[in-house]
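Student: Here's a sequence, model it:
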Amino acid sequence: MAFDIEMIEKVYATMAARVDKARELVGRPLTLSEKILYSHLWEGMPSQSFTRGKDYVDFAPDRVACQDATAQMALLQFMHAGKSKVAVPTTVHCDHLIQAKVGAKTDLAVANTQSKEVFDFLSSVSNKYGIGFWKPGSGIIHQIVLENYAFPGGMMIGTDSHTVNAGGLGMLAIGVGGADAVDVMSGMSWELKFPKLIGVKLTGKLNGWTAPKDVILKVADILTVKGGTGAIVEYFGEGATSMSCTGKGTICNMGAEIGATTSTFGYDDSMRRYLAATDRQDIVDAADKVASYLTGDDEVYANPAAYFDQVIEINLSELEPHINGPFTPDRGTPVSKMKEEAIANGWPLKIEWGLIGSCTNSSYEDMARAASIVEQAVAHGITPKAEFGINPGSEQIRYTIERDGIIATFEKMGTKVFTNACGPCIGQWDRTGADKGEKNTIVHSFNRNFSKRADGNPNTHAFVTSPEMVAALAISGDLTFNPLTDTLLNDNGEEVRLNPPSGDELPKRGFDVEDAGFQAPAADGSSVQVAVSPTSDRLQLLAPFEAWDGKNITGAKLLIKAFGKCTTDHISMAGPWLRFRGHLDNISNNMLIGAVNAFNQEANKVKNQLTGDYDAVPAVQRAYKAAGVPSIVVGDHNYGEGSSREHAAMEPRFLGVKAVLVKSFARIHETNLKKQGMLALTFANEADYDKIQENDTINFLDLTEFAPGKPLTLEFVHADGSKDTILANHTYNDSQIGWFVAGSALNLIAAGKA
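Tutor: Sure thing, here's the model as predicted:
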C-alpha cells in the first residue's frame with residue numbers, strides 16, 4: 001500500500017540528468033510535459049528530439065493501475081506472458097462491479113455475493129503476480145491512486161481512460177487498454193506517439209459558485225470531445241496555483257472527455273499540502289530538491305505561444321458556473337443561459353435526481369462544499385424537490401466525512417449514500433422506473449453523460465456540473481434555477497437565497513480510516529493457484545488469436561456502417577454487461593448493439609448478407625464467422641471515444657471482424673485495435689464514407705504490401721456489380737505491423753519476440 005520513496009527518488013535523479021540533456025537537444029526551454037516525457041524514455045538518456053504528433057516513442061512508466069472491469073481481461077492476457085511477477089508496481093481496484101440501488105451496506109453485500117467469483121479471481125491472480133489488491137468498497141481507482149500512489153513528475157498508465165486524474169498531482173498519467181498494461185507489467189516498453197501540447201493559461205481566481213469543475217467544462221466547450229486528441233493539456237498560471245490539488249485532479253480527470261492523451265499541472269504548494277495530508281511528506285522532501293524540474297521552464301509560461309501547439313486562456317475571476325449536456329460532455333451552457341437554452345431545446349425542466357461522486361468529484365473538498373449547500377437548505381426549512389445520492393471516492397474519504405459530520409448533513413436531506421465505487425457514473429445504477437423510458441432530467445458531477453450511460457434510459461437527459469451546483473439544482477428541482485440570482489421558497493413560503501458554497505480543502509483533523517481495504521500480495525506467489533472454472537459464465541481463459549495468413553482479405557461483408565457518435569459505450573456497453581468483462585465469448589454478445597445503422601437509423605439491426613434478413617449485430621457477425629466470411633465495420637468521426645475498455649476491440653476481433661474503417665479514431669481505441677491484430681484504417685477522403693452501401697462486399701487489393709506510410713486500397717463491390725475503389729490511411733509503424741502479422745501484440749510477447 002505504501003508509496004515507494006526509493007523508486008521516486010530514482011525517478012527524480014533520472015529526471016535531473018535527462019531534462020538538462022533534453023533541453024540541450026531541443027535547443028530551447030521545456031514544458032513540464034516534455035520534461036516528464038524525456039525523463040521516461042525507454043532507451044535511457046535522450047539522444048534525439050521528437051516531432052510532436054508524428055514520432056512513435058517508447059517509454060518506461062513507473063507504475064500501472066487497473067480497475068476490476070478491465071483488470072480481468074488484462075490479467076487473463078498477462079497470464080499468457082510467461083512472467084512470474086509484474087515488473088513494475090501494479091495495483092488492481094474493485095470499483096466497477098458494485099451496483100447502486102439501496103445504499104452502501106446492502107449494495108456492497110450484494111456485489112460481494114454476485115461477483116464473488118470475479119473478486120476471488122482478481123484477488124488470487126494479484127496475490128500470485130505481486131500486485132496490490134484493493135478490495136470491493138475500498139474506493140474508486142483514481143481517488144485511491146491520488147491518495148496513495150501519484151507523485152509529481154512520474155509517469156503511469158492505467159486501464160481506464162480517467163487514469164489522467166493523477167495529473168492533479170503533477171504526473172503524466174495515461175489511460176490505455178489492457179494489452180498496453182500487459183506490456184509494461186511484463187517489463188517491456190510502452191509505445192506512444194509523441195504528443196502535441198496544448199497550454200491552458202489560467203488567470204484570476206475562482207470565486208463564489210465557480211469551481212474547478214467549471215474550468216474543464218469550459219475547456220470541453222472550447223475544444224469539443226475530439227479537440228485534445230493526440231495532445232497533452234498543460235495548465236499553468238496564477239489561477240492554476242490558486243486551486244486545490246483535488247480540484248486539479250477534477251480538471252485533469254475530465255481531460256479524457258476532450259480526447260486528450262493526458263493533462264497535468266506543475267508542482268506547487270497545493271500538491272505539497274495534499275501529499276503531507278496523505279502521509280507522504282517524504283515525497284514533498286524529495287520533490288522540493290528537484291522542484292525546478294517538476295514544472296515548465298519560466299520562459300515557457302512567459303511566452304506560451306512559442307512552446308505550445310495551441311494556447312487557451314481563461315480568466316477564473318470571470319468564469320461562470322457551467323452545466324454541460326445533455327448527451328455529450330462538451331455542450332457547455334453557463335448557468336445564466338440555461339433557462340433560455342433549456343426552453344428553446346425542449347429539455348425537461350424538472351430535475352429527478354442529483355448525483356455527486358465518481359472519480360471526478362469525490363474528494364473531501366467536493367463533499368464539504370456540496371454539504372454546505374445542503375446545510376443551508378436544511379437550516380432554512382427547504383424541502384428538496386429531487387432525489388439525491390452520493391458516492392464517496394474512497395473508504396478514507398467516507399470514514400473522514402462521516403467523522404466530520406458531513407454524511408450526517410447529507411442524510412438530513414434524505415440523501416442516499418452509495419458504496420465507495422463508480423456506481424451511476426458507469427451505468428451501475430438500478431434506478432427505479434428507468435425501464436419505462438420516460439423523458440426526464442438528472443444532474444450529476446460525473447464526467448460522461450452519453451445517452452443511456454447512467455441508467456440505461458435513452459430519454460434521460462443527463463447534465464454535468466460541479467458538486468455544489470448539483471446540490472443547488474437538486475434542492476430546487478429545476479434545471480433553470482440559477483443560485484447566483486434566484487431564490488427558493490421554504491416550507492413557510494419564505495424566499496431564501498443560498499449563499500455561495502464553502503468547505504475545507506483538506507480535513508482540519510487530518511484524514512482517518514480504520515480499514516482502507518488494501519491487500520498486499522504474497523512475497524512469493526509461485527504456489528498460489530488461480531482457478532478459472534471451465535463452466536463459468538463470468539471468466540474464460542483466453543486462446544491466442546490467429547496470425548495473418550499473408551494474403552489479401554477478400555469477399556468481406558459490411559457488418560455495419562455506424563452513423564454519428566459511436567463511443568466505446570456504443571461498441572461495448574457497460575451497465576449490466578460489466579459482469580461479463582472476464583468472459584470474451586459472453587461479452588461479445590453486446591458488440592456494437594448501441595451503434596446506429598446508417599441505412600435504417602436503428603440500433604442493433606443490420607442486414608445479414610447471407611440470408612437477406614435483419615438481425616442483431618452480434619448475431620449477424622456470428623453467422624459470418626460460422627460461414628468463414630470476413631467482415632469490416634465502417635464508422636464516423638472520433639470512433640471509439642470514451643472509455644479505454646479494450647473489449648470494444650477484442651469483441652470484433654474475436655467474432656471475426658478484420659478491419660475498422662472510419663473518418664477518425666479516438667487515440668486509445670485505435671491503439672487497442674492495433675494491439676489485438678485488427679486493421680484500424682481511416683478514409684483518405686472522408687467523402688468516401690458516403691459511397692459505402694448496405695450490401696457491399698469488400699476486397700483488399702494490396703494488403704500484401706502493408707507498410708508504414710503506405711495507404712491501403714480497398715475495393716467496394718456493390719449489389720448491382722458496380723465498384724468503388726477507396727484509399728485508406730493508417731498510422732502503423734513496423735512494430736505495429738508486426739502485431740497484425742502475428743495476430744496480436746500478446747502473441748509476440750508469449751513467443752518472446754516482443
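Student: From the opening residue of stretch 429-447 to its closing one, how far?
Tutor: End-to-end distance of stretch 429-447: 16 Å, with C-alpha to C-alpha, to the nearest Å as the criterion.
Student: In it, which of the residues would be classed as buried?
Tutor: With burial defined by 16 or more other C-beta atoms under 10 Å, the residues of stretch 429-447 counted as buried are 429, 430, 431, 434, 440, 441, 442, 443, 444, 445, 446, 447. Any C-beta I mention is one placed from the backbone N, CA and C, and that applies to glycine too.
Student: go on, stretch 718-726?
Tutor: Neighbour counts over stretch 718-726 (16+ other C-beta under 10 Å) mark residue 726 as buried.
Student: Same question for stretch 459-469.
Tutor: Neighbour counts using 16+ other C-beta under 10 Å place 460, 461, 462, 463, 464, 465, 466, 467, 468, 469 of stretch 459-469 among the buried residues.
Student: and the end-to-end length of it?
Tutor: 22 Å.
Student: Show me where the stretch 1-150 of the chain has its helices.
Tutor: Residue ranges of the helices in the stretch 1-150 of the chain, as given by DSSP state H, counting those that start in this stretch, are 5-26, 32-39, 68-78, 104-114, 116-129, 141-148.
Student: Compare these and say which comes out lowest on pLDDT.
Tutor: The stretch with the lowest mean pLDDT among these is helix 68-78, at a mean of 92.
Student: hmm, who's touching that one?
Tutor: The set of residues that contact helix 68-78 without belonging to it, under C-beta atoms under 8 Å, 6 or more residues apart in numbering, is 66, 86, 92-97, 118-119, 121-122, 125-126, 129, 136, 159-160, 177-179, 181-182, 185-186, 539-542, 574, 578, 581-582, 584, 644-647, 650, 746.
Student: Buried among those? Make that a ChimeraX selection.
Tutor: With 16+ other C-beta under 10 Å as the burial test, the buried ones among the contacts of helix 68-78 are selected in ChimeraX as follows:
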select :66,86,92,93,94,95,96,97,118,119,121,122,125,126,129,136,159,160,177,178,179,181,182,185,186,539,540,542,574,578,581,582,584,644,645,646,647,650,746
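Student: from the buried residues of stretch 429-447, which single one is nearest residue 191?
Tutor: Residue 191 lies nearest to residue 447 out of the buried residues of stretch 429-447, by C-beta to C-beta, at 26.2 Å.
Student: On the pLDDT front, check the closest one for me.
Tutor: 96.
Student: Could you report the separation of it from residue 225?
Tutor: Using C-beta to C-beta, to the nearest Å, one gets 12 Å for the distance from residue 447 to residue 225.
Student: Ok, residue 647 next?
Tutor: Taking C-beta to C-beta as the measure, residue 647 and residue 225 are separated by 21 Å.
Student: how about the strands of the stretch 51-200 of the chain, start to end?
Tutor: Taking DSSP state E, counting those that start in this stretch as the criterion, the stretch 51-200 of the chain contains strands spanning 56-59, 63-67, 90-93, 132-134, 155-158, 172-175, 190-193, 196-203.
Student: what's the average pLDDT for the fourth one?
Tutor: Read that as strand 132-134. Confidence over strand 132-134, taken as the mean pLDDT, stands at 98.
Student: What strands flank it, and is each parallel or antiparallel?
Tutor: strand 90-93 (parallel), strand 518-519 (antiparallel) (DSSP bridges).
Student: wait, which of those is closest to residue 220?
Tutor: Between residue 220 and the strands paired with strand 132-134, the shortest separation by C-beta to C-beta is 25.7 Å, and it involves strand 90-93.
Student: and the gap between the most centrally placed residue in the chain and residue 497?
Tutor: The residue lying closest to the centre of the chain (C-alpha atoms, centre = their mean) is residue 161, at 2.2 Å. The gap separating residue 161 from residue 497 is 39 Å, by C-beta to C-beta.
Student: For the residue in the chain sticking out farthest from the centre, which residues are in contact?
Tutor: Among the residues of the chain, the one whose C-alpha is farthest from the average of all C-alpha positions is residue 492, by C-alpha atoms, centre = their mean at 45.3 Å. When contacts are counted by C-beta under 8 Å, 6+ apart, residue 492 is found next to residue 381.
Student: Can you report how many residues neighbour the nearest residue to residue 7 once chain neighbours are set aside?
Tutor: What sits nearest to residue 7 in space, not counting adjacent residues and going by C-beta to C-beta, 6 or more residues apart in numbering, is residue 62, at 6.8 Å. Taking other C-beta atoms under 10 Å as the criterion, the count of residues near residue 62 is 23.
Student: pretty sure residue 62 contacts residue 11?
Tutor: Yes - taking contacts as C-beta atoms under 8 Å, residue 62 lies within contact range of residue 11: 6.0 Å.
Student: what is in contact with those two at once?
Tutor: Counting by C-beta under 8 Å, 6+ apart, the common neighbours of residue 62 and residue 11 are residue 154.
Student: CA atoms of the worst-scoring helix or strand of the chain on mean pLDDT as PDB?
Tutor: Least confident helix or strand, the chain: helix 745-750 with a mean of 85, by mean pLDDT, DSSP states H and E. Extracted C-alpha coordinates of helix 745-750, given in PDB (Å, rounded to 0.1, in the frame of the first residue of the first chain):
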ATOM      1  CA  ALA A 745       0.800  -8.000 -29.700                       C
ATOM      2  CA  LEU A 746       0.300 -10.600 -27.000                       C
ATOM      3  CA  ASN A 747       1.200 -13.400 -29.400                       C
ATOM      4  CA  LEU A 748       4.600 -11.700 -29.800                       C
ATOM      5  CA  ILE A 749       5.100 -11.400 -26.000                       C
ATOM      6  CA  ALA A 750       4.200 -15.000 -25.400                       C
END
